[in-house]
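**Student:** need a 3D model of the following:
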Amino acid sequence: MQRRYITVDVFTDRAFGGNPLAVVLDAEGLSTDQMQAIATEFNYSETTFVLPPAEKANDANVRIFTVRSELPFAGHPNVGTAFVLATQAATPPARLKFEEKAGLVPVEILTAQGRVVGSEFAAPKPLSKGATVDAREAAAILSLSAADIRTDRHPPQIASVGLPFLIVEVASREALRRARPDAAAFWKIFPAVGADAVYFYTRDVPAFEQPLDLQARMFHPGAAGLSEDPATGSATGAAAAFLAGLDAMRDGEMALRIGQGFDMGRPSLLLTRAIKQNGVVVATHVGGNCVQMMEGVLQV
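**Tutor:** Got it, this is the predicted structure:
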């Protein structure tokens, strides 16, 4: 069997930035094992497979695979898959609805000067919060000292809008740059706390990196041990909703421009919107630009 694929760099407006994604089109007929093998072959953080929707009101069933397993939801795969489908359409849609294991994911198509440039997804789940982690333990995971962890706004805590992450604030841009994953400390904490990845950020953004509101990084288990992700939509959504929940605003929208991947040489820009009603986060959106990189046919 032959299947067409397109790769894109997600959350960037230039080639070789952002987070790479492979999108396999016309995936109907592929088994789960074949999808997993294809994702392992691409060796990207995620690969998506586009199938016909179960409900005609929706646009596609999208399955998401890492090199190790299938995910119920992920951020940059939604943004990149929507971008690919919109650019392949004779008339680009204003929005798409994807069926995923985590639920229905609406995606808005972003355009500039009449051209599709990216997309924005709505998180499939409301904000949920889990266990807190001691600042010293969080610091150990990141090979930092306890003094590098800020707890004045919140302790290190699990948050999710579809996938759970440990959200940690670090005190400085320098500490963010200096962080390295410590495998022994990592596996001492994860996954006992209900997550297997840490998203850490700083409000200390230097002038030359503004107008970013935050700079962030994310460590997670990968095929060869602990890995870093250059742009993580699901974690960014969880962090944006989590921070909006802490804000004193009762009604309105909290928007953040978040950088990620800068210290990997793959700078990414993630645009978030968290909407609050009566003091509760009721919707979280994450979007950004994409760049098509490769197109081809794979043999199965």
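**Student:** other residues contacting stretch 227-236?
**Tutor:** In this structure, residues lying in contact with stretch 227-236 by CB atoms under 8 Å, 6 or more residues apart in numbering are 10-12, 18-19, 45, 73-79, 121, 123, 161-163, 165, 181, 197, 199, 216-221, 258, 260-261, 264, 266, 268, 270, 272, 286, 288. Heads up, the C-betas are built off the backbone N, CA and C, glycines and all.
**Student:** ignore what I typed, I meant stretch 98-116.
**Tutor:** Outside stretch 98-116, the residues that touch it by CB under 8 Å, 6+ apart are 53-55, 58-64, 70-73, 78-79, 81-83, 86-87, 92-97, 117-122, 124-125, 162-163, 285, 287, 289.
**Student:** among those residues, which ones are in helices?
**Tutor:** Of the positions in the contacts of stretch 98-116, Asn78, Val79, Thr81, Ala82, Phe83, Ala86, Thr87 sit in helices, assigned by DSSP state H.
**Student:** who's in contact with the first one?
**Tutor:** Residues in contact with Asn78, defined by CB under 8 Å, 6+ apart, are Val62, Phe98, Glu100, Val105, Val107, Ser119, Phe121, Gly233.
**Student:** and it, how far is that from Met249?
**Tutor:** Look at Asn78 and Met249: by CB to CB, to the nearest Å, they are 26 Å apart.
**Student:** then the third one?
**Tutor:** With distances defined as CB to CB, the gap from Thr81 to Met249 amounts to 32 Å.
**Student:** show me which of those two is the more surrounded one.
**Tutor:** Thr81 (31 against 11; other CB atoms under 10 Å).
**Student:** for Arg266, give its distance to Val300.
**Tutor:** Separation of Arg266 from Val300 (CB to CB) stands at 29 Å.
**Student:** correct me if wrong: Thr47 contacts Gln36.
**Tutor:** No - using CB atoms under 8 Å, Thr47 is not in contact with Gln36; the gap is 9.3 Å.
**Student:** neighbour count: these two, which is higher?
**Tutor:** Thr47 (26 against 18).
**Student:** quick one: contacts for the more buried one?
**Tutor:** Taking CB under 8 Å, 6+ apart, we find Thr47 in contact with Leu21, Ala22, Val23, Val24, Met35, Ile38, Ala39, Ile64, Phe65, Pro77.
**Student:** quick one on the thing from earlier: max pairwise distance over the contacts of Asn78: which two?
**Tutor:** Spanning the widest gap among the contacts of Asn78 are Glu100 and Ser119, at 14.6 Å by CB to CB.
**Student:** who's more crowded, these two?
**Tutor:** Between Glu100 and Ser119, counting by other CB under 10 Å, Ser119 is the more crowded of the two (27 against 21).
**Student:** burial check on the nearest residue to the more buried one once chain neighbours are set aside, number of neighbours?
**Tutor:** Computed as CB to CB, 6 or more residues apart in numbering, the closest residue to Ser119 that is not its neighbour in sequence is Ala82, at 3.9 Å. For Ala82, the neighbour count with other CB under 10 Å is 32.
**Student:** give me the pLDDT for Ala82.
**Tutor:** Per-residue pLDDT puts Ala82 at 98.
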